[in-house]
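Student: Build the 3D model from these lines:
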Amino acid sequence: MTSARGIVVFSGGSAANNLVDVFKSLVEKKKCPLSYVIPISDNGGSSSELIRVFGGPGIGDVRSRLVRLIPDDPNDDDSKKAAIRAFFNHRLQDDPGMARQEWLNIVEARHVLWTDIPSEKKELIRSFLNLLNLEIVKRARPSSVFNFSSASVGNLFLTGARLFSGSFESAIYLLSNICGVPDNVSVLPAINTNFTHHISAGLSDGSIIVGQNSISHPSVPTALPENVRLEIEEHDRIEDGTLPGSLPTLRKQYITFSKTDEEELPARIERIWYINPYGQEIRPRCNPKVVDAVDYAQCIIYSIGSLYTSIIPNLVLADVGEAVAQTKARYKILILNSNIDRETGPSSAPYSATDFIAAIAKACASSRGLKGSVQPNDYRTYVTHVLHLEGLNTPVVEKVVLNKLGIETVRLYGRKIEGKNVVRYDEKGLLQALEATIGRRDPRADVSRRNTVESRYPPV
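Tutor: Here you go, the predicted structure:
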């Protein structure tokens, strides 16, 4: 591996996991390091129960990326890698009682998941699961017991490792080594912390949504209820890992929620900010390693994913916007989502490519402490290229407008999903487009229907 400047990818969890192989191939050809920057503000799913009982960051997206990075090496035993992957991705059963029994079977090494996991890794993993199990028993109270329903085993392991070492960073290091993540790849939490950090969203109609899960998934977007004091007093009777007086919205269990048939927001999201447990706005600093990675980058990529809950929480942190603005990286590439979702609607006024870029620029400017609205002429400070698909439900790309702002647009041909009116990025085409964009070779070479720079080089 050379000392070439690296590539930094701002992303969330599940959506960007689909592009891991693309980024892997890209850095192998560029012979450079790769850094994934991932937010820790998710308070939904099994993470919500871990946060409720133990506090600490939302770790689900970090765990998901680490496990996805398990390499496919033909010289290794595929069954062992598959077993590690299945183990850390496994979720316990939905029924709380059955889930608890399944957990005990795992802790006691009687579960089928342990099959094919090497003994040295098995006993290392079990030691942290046993430690977490002890902490769960110690913290049990008549008013609060841990709910194992749908819990991710990987999240449970990361929590046990963090509680043992007192360091989220060390827990990530341990899981990285167990998973065999390549040395040139880093998974960086946006904030390196042992504490919980939540976000709020302000909508253009003046309403506020508290907590990432409520922003991403169907909820009633209202300000704090009038009877919030009574609700806080009720929650304060429960002894768990949250501070007395914390907002009830941040103390609820969000173990189950819908990722489909999402209700539209009544208005566009205007701003994302971090809050303390009492709902007051705070401005936390980012992980210093994120700034170092951005400073030393040749390319910054804003990956596909939820704009306001996967990408923006990374960018509004103190020091990130300045690092993005001042980096020597020549390429700041937005891989535009292939569809409009809850966060980039409503359907009456869906986001265009320019809206995505404006949101990124506004977040970075907020991080820098700049007051007032960001002007279009400033967009190129944060985004230089847009890679996008074209088809049903894809965001509109105003090529002429963006080109006048100095932002180049690159259209790719995607893959149609059978039975659905949607398109997805083709890995080979996206890799070729990224290589061409960051100057590995002339974009006119090897043009195919999977990789077309429409604005300059028509398809052949």
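Student: Can you pull out the low-pLDDT segments for the stretch 151-300 of the chain?
Tutor: Applying pLDDT under 70 to the stretch 151-300 of the chain flags the ranges 218-241, 251-262.
Student: Do a quick rundown of the strands in it.
Tutor: 185-189, 198-203, 208-210, 269-275, 281-282, 297-302 (DSSP state E, counting those that start in this stretch).
Student: same for the fourth one, what does it pack against?
Tutor: Contacting strand 269-275 under the criterion 3 or more C-beta pairs under 8 Å, 6 or more residues apart in numbering; DSSP states H and E are the following elements: strand 198-203, strand 281-282, helix 312-315, helix 353-367. In short, each C-beta sits where N, CA and C put it, glycine included.
Student: now swap in the second one and tell me
Tutor: In this structure, strand 198-203 makes packing contacts with strand 208-210, helix 212-216, strand 269-275, judged by 3+ C-beta pairs under 8 Å, 6+ apart.
Student: what do you get for the shortest one?
Tutor: Taking 3+ C-beta pairs under 8 Å, 6+ apart as the contact definition, the neighbouring helices and strands of strand 281-282 are strand 269-275.
Student: Tell me which residues are up against the strand it packs on.
Tutor: Taking C-beta atoms under 8 Å, 6 or more residues apart in numbering as the criterion, the residues outside strand 269-275 that touch it are 41, 197-204, 210, 215, 281-284, 308-309, 312-313, 316-317, 343, 362-363, 366.
Student: Ok, which of the helices and strands packed on strand 269-275 comes nearest K138?
Tutor: Of all the helices and strands packed on strand 269-275, the one in closest proximity to K138, counting by C-beta to C-beta, is strand 198-203 (25.5 Å).
Student: and the closest one, which residues are buried?
Tutor: By neighbour count, and taking 16 or more other C-beta atoms under 10 Å as the criterion, the buried residues in strand 198-203 are H198, I199, S200, A201, G202, L203.
Student: Please work out which residues outside that strand touch it.
Tutor: Contacts with strand 198-203, where a contact means C-beta under 8 Å, 6+ apart, come from 41, 43, 208-212, 215, 221, 250, 265-275, 277, 279, 281, 308-309, 313.
Student: Which among the contacts of strand 269-275 count as buried?
Tutor: Burial by neighbour count, judged by 16+ other C-beta under 10 Å, picks out 41, 197-203, 210, 215, 308-309, 312-313, 316-317, 343, 362-363, 366 from these.
Student: Export the helices and strands packed on strand 198-203 as a markdown table, with columns for distance to A161.
Tutor: Converted to a markdown table, the helices and strands packed on strand 198-203 look like this (distance: least, C-beta to C-beta, whole Å):
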| stretch | distance to A161 |
| --- | --- |
| strand 208-210 | 29 |
| helix 212-216 | 23 |
| strand 269-275 | 25 |
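Student: Look up phi and psi at the residue nearest to R85 when sequence neighbours are not counted.
Tutor: Once its chain neighbours are removed from consideration, R85 has its nearest residue in I70; the separation is 5.3 Å (C-beta to C-beta, 6 or more residues apart in numbering). Note on I70: its backbone torsions stand at phi -60, psi 120 [degrees, to the nearest 10].
Student: What residues does I70 make contact with?
Tutor: Applying C-beta under 8 Å, 6+ apart, the residues contacting I70 are K81, I84, R85, C179, G180, V181.
Student: 10 Å instead?
Tutor: D76, K81, A82, I84, R85, F88, N89, I178, C179, G180, V181, P182 (C-beta atoms under 10 Å, 6 or more residues apart in numbering).
Student: Who wins on neighbours among those residues?
Tutor: Across the contacts of I70, the neighbour count under other C-beta atoms under 10 Å reaches its highest value at F88, namely 24 neighbours.
Student: where's it, which helix or strand?
Tutor: Under DSSP states H and E, the secondary-structure element containing F88 is helix 78-89.
Student: Between helix 78-89 and the next helix or strand along the chain from that helix, find me the angle.
Tutor: Downstream of helix 78-89, the next assigned helix or strand under DSSP H and E is helix 96-107. For helix 96-107 and helix 78-89, the angle between their directions (axes from the mean of the first three to the mean of the last three C-alpha atoms, to 10 degrees) works out to 140 degrees.
Student: now for helix 96-107, which elements pack on it?
Tutor: Contacting helix 96-107 under the criterion 3 or more C-beta pairs under 10 Å, 6 or more residues apart in numbering; DSSP states H and E are the following elements: helix 119-139, helix 153-165.
Student: which of these is buried the deepest?
Tutor: Each of these was assessed for mean neighbour count using mean count of other C-beta atoms under 10 Å. The highest is helix 153-165, with a mean of 23.
Student: so how far is that helix from its chain's centroid?
Tutor: Its chain's average C-alpha position is 19 Å from that of helix 153-165, according to C-alpha atoms, centre = their mean, to the nearest Å.
Student: could you say what helices and strands it packs with?
Tutor: For helix 153-165, the packing partners by 3+ C-beta pairs under 10 Å, 6+ apart come out as helix 46-54, helix 60-68, helix 78-89, helix 96-107, helix 119-139, helix 168-179.
Student: Mind doing that once more with 8 Å?
Tutor: Under the contact criterion of 3+ C-beta pairs under 8 Å, 6+ apart, helix 153-165 touches helix 46-54, helix 60-68, helix 78-89, helix 119-139, helix 168-179.
Student: Quickly, which of the ones you listed bottoms out on average pLDDT?
Tutor: Of all those, helix 46-54 carries the lowest average pLDDT, namely a mean of 90.
Student: So which elements touch it?
Tutor: Contact partners of helix 46-54 among helices and strands, from 3+ C-beta pairs under 8 Å, 6+ apart: helix 119-139, helix 153-165.
Student: Tabulate the ones you listed in TSV, adding columns for distance to H388.
Tutor: As requested, the helices and strands packed on helix 46-54 are exported to TSV (distance: least, C-beta to C-beta, whole Å):
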stretch	distance to H388
helix 119-139	42
helix 153-165	33
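Student: how about these, which one is nearest S35?
Tutor: With C-beta to C-beta as the measure, helix 153-165 is the member of the helices and strands packed on helix 46-54 nearest S35 (19.0 Å).
Student: From the rest of the structure, what touches that closest one?
Tutor: With C-beta under 8 Å, 6+ apart as the contact definition, helix 153-165 has outside contacts at 46-47, 50, 54, 56, 59-60, 62-64, 66-67, 87-92, 103, 106, 113, 125, 128-132, 135, 168, 170-172, 174-175, 194.
Student: In PyMOL, how would I select just the buried ones from those residues?
Tutor: Per 16+ other C-beta under 10 Å, the buried members of the contacts of helix 153-165 correspond to this PyMOL selection:
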select buried, resi 46+47+50+54+56+59+60+62+63+64+66+67+87+88+90+91+92+103+106+113+125+128+129+132+135+168+171+172+174+175+194
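Student: Now for P248, how many residues are close by?
Tutor: Taking other C-beta under 10 Å as the criterion, the count of residues near P248 is 19.
Student: I'd like the distance between it and V422.
Tutor: 37 Å (C-beta to C-beta, to the nearest Å).
Student: can you check H385 too?
Tutor: Note on H385: its distance to V422, by C-beta to C-beta, is 23 Å.
Student: just L69 next, same as before
Tutor: 26 Å.
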